[in-house]
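Enquirer: I would like the atomic coordinates for the input below:
(2 chains)
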Number of protein chains: 2
Amino acid sequence: MPLIVQKFGGTSVGDLDRIANVARRVAARKDQGNDVVVVVSAMSGETDRLISLATKITPLPSERELDVLISTGEQVTIALLAITLESMGYKAKSYCGWQLPLVTDSAFGSARVTEIGQDLVMKDLAEGRIVIVAGFQGMDESRNVTTLGRGGSDTSAVAVAAALKADLCEIHTDVDGVYTTDPNITSKARKLHKIAYEEILEMASQGAKVLHTRSVELAMRYRVPLIVLSSFNDNSGTLVTEESSDMEKESVRAVTCNMKEAKITLSGVEDKPGVASKIFSSLADANVVVDMIIQNSSADGKTDITFTIPEADLAKTLDICRGIRETLEARDLSGSADIAKVSIIGLGMRSHSGVAAKMFATLANEGINIEMISTSEIKISCVVRKKYAELAVRALHDAFELDRTS
Amino acid sequence: MPLIVQKFGGTSVGDLDRIANVARRVAARKDQGNDVVVVVSAMSGETDRLISLATKITPLPSERELDVLISTGEQVTIALLAITLESMGYKAKSYCGWQLPLVTDSAFGSARVTEIGQDLVMKDLAEGRIVIVAGFQGMDESRNVTTLGRGGSDTSAVAVAAALKADLCEIHTDVDGVYTTDPNITSKARKLHKIAYEEILEMASQGAKVLHTRSVELAMRYRVPLIVLSSFNDNSGTLVTEESSDMEKESVRAVTCNMKEAKITLSGVEDKPGVASKIFSSLADANVVVDMIIQNSSADGKTDITFTIPEADLAKTLDICRGIRETLEARDLSGSADIAKVSIIGLGMRSHSGVAAKMFATLANEGINIEMISTSEIKISCVVRKKYAELAVRALHDAFELDRTS
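Expert: Numbers count the residues shown, from 1 in each chain, chains lettered A, B, ... in the order given. The predicted structure follows:
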C-alpha cells in the first residue's frame, strides 16, 4: 500500500472549519487506498500568541521553557484533527514529537532532527489507523522538549517521510504550487509542474517563500519526492524531485526577488592578507549572516569590500564596522538598505551559455544599474536599487520567456 | 534541607500577574532555605476552553485525544512560571507529566498514578533549581498522555510529595483554609487550624469543596502532611494531618451541606432476597453512584427502599427504576430533587455519646423534618427538604458551638 505523508500549515488548520476541511483531504487519500501520516502545524496565530505571553514576562525568555510553551500549539491541533477524523468514522491516533519519538539535538528553538522512531507508527498504519504527528517539535536525548524553528513543520514532514520511506510527501499550504516568480509582481507568473530540489533550494535561499530551506535539503538528501499543493483547492501542485531531462531544456526556471537585504561598503582598505578575515569573523561573532561578498582588485594597494546582510542587522553591522574601519584605517564606510537582490535560477544554466550576458543586457535595456553581481552554478544574482526591483523581475521574466509552458 | 511541595490551582495562575504572584510565593519558600517543587494547574478557564473546542466537533470526543488536548493547559503554565522565576534570577526547570515521568494507568480522563520518577527532580534540587511540575497529567506505560480528572492537580501534588518524601505539601487555593462550615451560609463559620485526614475526607465526600477526595486518600495513605492556604493572602491555613489528641476534645468539627442530590423511593416492594441487588446492580451498570440507601423493615412482607443519587442523574435513574418497578411489581415509584443532605463530622464522635440525639433534637427544635438518616463512625447525615438546608446548617453550627475556638 502506498504511504503518503501530508503536511498542513497553520493557515490550513486555522479554525475548526479548516481542520474539518483538512480531515476531508486526509480521508480522501485514505479512501484512495493509501496509508496516511499527517503532520500539522499550530493553528495560525497560536505560536505568536504563546511567544507574546513569554516576552511580556521578559524580553529574553529561557529557550528551553519557550520550547515547552510553544510546542503546545501543535499538540492542540493533532488532538483536534484526530477527534475530527474519528467523528467521521476513521481510526486515527495523534503523536507529539516525544511520543514517536522524534529525537533532535539540544539546540532549543532551532533543533535538528537526529532520529525518528517508526515502530508505533508502522503498527498503527498496519492496523488501518491514520497517524497524526505534531510538526515543529521534538525531544532531545535528555527528554527536553525542542522545536525546529520557524517553518519547522515542513522539516518534520520530510523527516518523517524519509524515516518511513514514504512514497510521497505532500506539502499543503495556502498557495497551490511553486511559481516562476511572485504572482504579486507579475500576472504572467506561471505555476511550475515540476522543479528540481537544487532549484527550489536556491529559490528559498533567494527569498521565495515556498518551502523551509532545511526541509528541501533533507528531502534532497533522502530523495523524498515532495509535492506543493493548496489545501483550499484541488489544483495540481508542483512536484519537487530529482533533476530530470525535461527540466534541462529551459536555461532559467524562476526569477526571485529579495527586498530584505542591505549592503555595506568599506572602501580604501589596505589590500593585504587577513583583512577579509578580520571583517567577517567579527560579523560571524555577532551572528550576522553575510550573503554576497565582493572585493575589487586594486591598483594602488587599496581595495573596496562590499557585502550584503539582512536589512534588520544594518545598524548592528554598521556599529561593528566602525570599529573595524578604525583598526584597518579604511578610507570610508557606507551602508544602505535601498537595495534589492534579483536572481534568476535554473539547472539548465550549467549547459546554456550566454545566460548571464542576457540578464545583464535585459537590465541595461531597462536602464537599471547593477550594483553587485554574484553567481553560482545554477543562479545569477544582481543587486539593484529597490525602486527597480519589480521592473527587473518583470523584464527578466519576459526575457527568459518564463510565461511559456515548457 | 526541608523539601516543600507547593500546589497552585487555576485561579492562582489565572493570568501573568497572578503567575508573578505565585513566583514570589515560591521564591519566598526557596529564600527561607527550602528545596521547592511546584505543581500547577492550567490557567483558569483554559481546560474548559479546550474541552469546548473538542465538543464542538463531536459530543463524545475520543478520550485519548481529549487528554492530549487538555494536557496542554498545564504545559503552558509550567513554562510561564519557569520563565517568570528565571527572570527573577532563580534557577528553575519545568516538567510535563511524561518527562518526570508521572506514570499512570490507562484510564484516560481519570487515570490513577502508579509510579513517579524521581531522578531528574532530585538532581535538579541538588543543583539548586526550583522544579515545576505540570499537575493533572501523566503518561501510561505505552507513552500515551493521560489526565487524572477534575481536581487532579491536588492528586499530582500529593503524589509527588509522597514520592519525594516531602516534609510538607502546601495546597494554595482561593480560600485560606478549611472552615467549620461554608462561610456563605453562616458568618460564624470558623477556620480550623488543624484537621485529621479522615475528617477532611468525610467533608469532601459530603460536599465541601476543599480538596479533591483522591488527593486526601493518597495523603492519608502516605502520611503526607498537607496545609491548605490562600495564594492571595498570608493568613495561616489549615494543617491536614494525622489524628492528634487535641482534635478529640471536640465531638463535632464541621457541618457540611450537599444540595446536589436527589432521592428515589420504591415502595411496596416484596421483601425477599435479591431485591436490593436487582435495583442497585442495574444502577451500577448505568454508572449511577448511589449514596445513602435505606430500607425499612416491613410487617406485611412488603418494604420501601429509598436511596439518594446525584441530582444530575435523576431522570436517568427514574427511567431505570420504571423498568425495575414493573419487574418487581412494586406499588409505587417516586423521585424528588427537593432534598439537601446536612452532615456533622468529627473524629471525636467515636468517643462522645449523645451526638446523634443532639443533632436530631436541634433539627426538631427548628421544626425541620428529617427524611433520611445515615451514619458512619465519624459522620451523621440527615436528608431534609432543600428550603431548610441553610437553617439546619446554622442551627447545628450553633448547637455544637463550632464558632468557639478550641
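
Enquirer: low-confidence stretches in chain A?
Expert: A:247-248, A:298-299, A:406 (pLDDT under 70).

Enquirer: close to chain B: what parts of it are there?
Expert: Within chain A, the positions adjacent to chain B are A:16, A:19-20, A:50, A:53-54, A:56-58, A:61-62, A:64-66, A:68-69, A:71-72, A:75-76, A:78-80, A:82-84, A:86-87, A:92-94, A:96, A:98-99, A:120, A:143-145 by Cβ under 8 Å from any Cβ of the partner chain. Where C-beta positions appear, they are placed from N, C-alpha and C, glycine not excepted.

Enquirer: list buried residues within those.
Expert: A:19-20, A:50, A:53-54, A:57, A:61-62, A:64-66, A:68-69, A:71-72, A:75-76, A:78-80, A:82-84, A:86-87, A:92-94, A:96, A:98-99, A:120, A:143-145 (16 or more other Cβ atoms under 10 Å in any protein chain shown).

Enquirer: in what helix or strand does residue A:218 lie?
Expert: Assigned by DSSP states H and E, residue A:218 falls within helix A:213-222.

Enquirer: neighbouring contacts of that helix?
Expert: Contact partners of helix A:213-222, identified using Cβ atoms under 8 Å, 6 or more residues apart in numbering or on different chains, comprise A:112-113, A:148-149, A:151-152, A:154-155, A:157-159, A:161-162, A:169, A:171, A:197-198, A:200-201, A:204-205, A:224-226, A:240.

Enquirer: let's see that with 6 Å instead.
Expert: Residues outside helix A:213-222 that contact it (Cβ atoms under 6 Å, 6 or more residues apart in numbering or on different chains) are A:154-155, A:158-159, A:162, A:197, A:200-201, A:204, A:226.

Enquirer: of the residues you listed, which pair is most distant in space?
Expert: A:162 and A:204 (18.2 Å; Cβ to Cβ).

Enquirer: centre-most residue in chain A?
Expert: residue A:212 (2.7 Å; Cα atoms, centre = their mean).

Enquirer: count the neighbours of the residue lying closest to that residue once chain neighbours are set aside for me.
Expert: Leaving out its chain neighbours, the residue that sits closest to residue A:212 by Cβ to Cβ, 6 or more residues apart in numbering or on different chains is residue A:151, at 3.3 Å. Neighbour count of residue A:151, defined by other Cβ atoms under 10 Å in any protein chain shown: 18.

Enquirer: going by residue numbers, what spans are helices in the stretch 101-250 of chain A?
Expert: Ranges of helices in the stretch 101-250 of chain A, per DSSP state H, counting those that start in this stretch, are A:119-126, A:152-163, A:197-205, A:213-222.

Enquirer: returning to what we had before: out of the buried ones among the residues of chain A next to chain B, list just those in helices.
Expert: For those, the ones inside helices are A:19-20, A:50, A:53-54, A:57, A:64-66, A:68-69, A:72, A:75-76, A:78-80, A:82-84, A:86-87, A:120, with DSSP state H as the criterion.

Enquirer: nearest to chain B: which residue in the stretch 101-250 of chain A?
Expert: Using Cβ to the nearest Cβ, the single residue of the stretch 101-250 of chain A nearest to chain B is residue A:143, 5.2 Å away.

Enquirer: from residue A:104, how far out is that residue?
Expert: Distance, residue A:143 to residue A:104, using Cβ to Cβ, to the nearest Å: 12 Å.

Enquirer: now swap in residue A:33 and tell me
Expert: Residue A:33 is 33 Å from residue A:104, where distance means Cβ to Cβ.

Enquirer: more crowded one of the two?
Expert: residue A:104 (27 against 8).

Enquirer: surely the more buried one meets residue A:138?
Expert: Yes: the pair residue A:104 and residue A:138 qualifies as a contact (Cβ atoms under 6 Å) at a distance of 3.9 Å.

Enquirer: who touches both of those two?
Expert: With Cβ under 6 Å, 6+ apart as the test, residue A:104 and residue A:138 both reach A:111, A:146.
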